[in-house]
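1. structure for the following, please:
(one chain, ligands or ions: 1)
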Amino acid sequence: MGGGAEVAATGGGPIPAPRYNPSQVLEFRIDDVLRLRKPHPCGSYDWRVYRLGADIGIRCLGCDHRVLLPRSTLERRLKQFLTRGPQV
Ligand SMILES: [Zn+2]
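-> Numbering: from 1, shown residues only. Below you'll find the predicted structure:
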């Protein structure tokens, strides 16, 4: 992990995690870590983006299984971003 998963509060209030908002256009980035609404059969809810394109490629953090999903399908299954990849 490259760090940055934990955000230290610096005097202000807690920083809310980015949440899925249906009215917001989602931008996926390489190395985003996503939490989905339903678990993979291996038990993990968390996936890392490894490919962007017409379909989004994600890899299960539990078992390294890779799948390609249409963006619209992934947006529906997404619960939240855990960490964001670097902005391009
Ligand atoms: Zn899995």
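2. OK, contacts around the spatially most central residue of the chain?
-> Geometric centre of the chain, nearest residue: residue 34, 1.9 Å, by Cα atoms, centre = their mean. Residue 34 makes contact with 46, 47, 48, 49, 58, 74, 78, 79, 80, 81, 82 under the criterion Cβ atoms under 8 Å, 6 or more residues apart in numbering. Backbone N, C-alpha and C define where each C-beta goes, glycine included.
3. the helix or strand containing it vs the ion: in contact?
-> If you go by DSSP states H and E, residue 34 is part of strand 33-36. No - contact of strand 33-36 with the ion (Cβ under 5 Å from the ion) is absent, the minimum separation being 10.6 Å.
4. packing partners of the helix or strand following that strand?
-> Going down the chain from strand 33-36, the next helix or strand is strand 46-51, by DSSP H and E. Applying 3 or more Cβ pairs under 8 Å, 6 or more residues apart in numbering; DSSP states H and E, one finds that strand 46-51 contacts strand 33-36, strand 55-60.
5. ok, back up a step: just give me the closest of the contacts of residue 34 to the ion.
-> residue 47 (8.3 Å; Cβ to the ion).
6. the closest one: how many residues sit nearby?
-> A count of nearby residues for residue 47, using other Cβ atoms under 10 Å, gives 27.
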